[in-house]
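[1] Give me a 3D structure for the following:
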Amino acid sequence: MTAFRFCPACATPLAEISQAEDGGDKVRLRCPACGWTHWNNPVPVLAAIVECVDQGGRVLLARNAAWTHRMFALITGFMEAGESPEDGIRREVAEETALEALDTTLVAVHEFLRMNQVIITFHVRARGEVRLSPELAEYKLFAPEDIRCWRAGTGLALAQWLRSRGHEPQFIDLPPRA
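    Below is the predicted model:
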């Protein structure tokens, strides 16, 4: 993630400046010349637990092409301006897997502090033939009872969904960050 170093309004170097806000004093990157503030609010990310109705209800997990380890995860992506979370997750599923979303159900909203994100996870029942976008290297279909979750972000939402289906989730540790 690229950090702001200069004010986008006047190009003055930003500084960590404490200022009174609704909840008290808060240190943020601010412009000492014009007062511009970098709020650094969390970014909303969409995630899909894709249940493939054509594949006996198995869940599609995919490996991102940029990942060096063989971890499989939910389909994720950023919400676009002007779209609802439901429209966004339908778009992401179609773009990344070529599957048609039949319906979407909100599962959970979790923080992912490591990436400064808020993850909005949906259960998406989908159909069609899987054709991965270049963003994804491969996919696997899992019976719900065979899925392993990680202990943050989308893993917590997946565990919550598994429990709602009568499966006690099993957890794995993430590989160390590169």
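[2] Can you verify my assumption that L141 contacts L60?
    Yes - proximity of L141 to L60 meets the contact threshold set by C-beta atoms under 8 Å, at 5.8 Å. C-beta here means a position set from N, CA and C on the backbone, and glycine is covered the same way.
[3] okay, and the common contacts of those two?
    Taking C-beta atoms under 8 Å, 6 or more residues apart in numbering as the contact criterion, the common neighbours of L141 and L60 are C52.
[4] the strands in this structure, which residues?
    15-21, 24-30, 37-38, 43-52, 58-64, 75-78, 100-112, 117-127, 136-142, 148-149, 170-171 (DSSP state E).
[5] circling back to that earlier point, who has more neighbours out of L141 and L60?
    Neighbour count, other C-beta atoms under 10 Å: between L141 and L60, L60 has more, with 25 against 16.
[6] How many neighbouring residues does the residue nearest to the more buried one when sequence neighbours are not counted have?
    Excluding the flanking residues, the one nearest L60 by C-beta to C-beta, 6 or more residues apart in numbering is V50, at 4.3 Å. Other residues within reach of V50, judged by other C-beta under 10 Å, total 27.
[7] list the contacts for Q19?
    By C-beta under 8 Å, 6+ apart, the contact list for Q19 reads D25, K26, R28, R30, T37.
[8] same question, V124
    Each residue near V124 by C-beta under 8 Å, 6+ apart is listed here: A48, I49, V50, E51, I75, I89, R90, V93, A101, L102, D103, T104.
[9] Output those residues in TSV, with distance to A65 appended to each entry.
    Output for those, formatted as TSV (distance: C-beta to C-beta, whole Å):
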residue	distance to A65
A48	18
I49	21
V50	18
E51	23
I75	13
I89	20
R90	22
V93	17
A101	22
L102	27
D103	28
T104	25
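[10] between the residues you listed, which is nearest H69?
    I75 (17.9 Å; C-beta to C-beta).
[11] what's the spacing between the nearest residue to that closest one once chain neighbours are set aside and G82?
    Closest residue to I75 apart from its sequence neighbours, by C-beta to C-beta, 6+ apart: A48 at 4.4 Å. Counting by C-beta to C-beta, to the nearest Å, the separation of A48 from G82 is 20 Å.
[12] Of the two, give the one with the bigger neighbour count.
    Comparing A48 with G82 by neighbour count (other C-beta under 10 Å), the higher total belongs to A48, at 28 against 7.
[13] was I right about that one contacting P85?
    No - with contact defined as C-beta under 8 Å, A48 does not reach P85; the gap is 10.8 Å.
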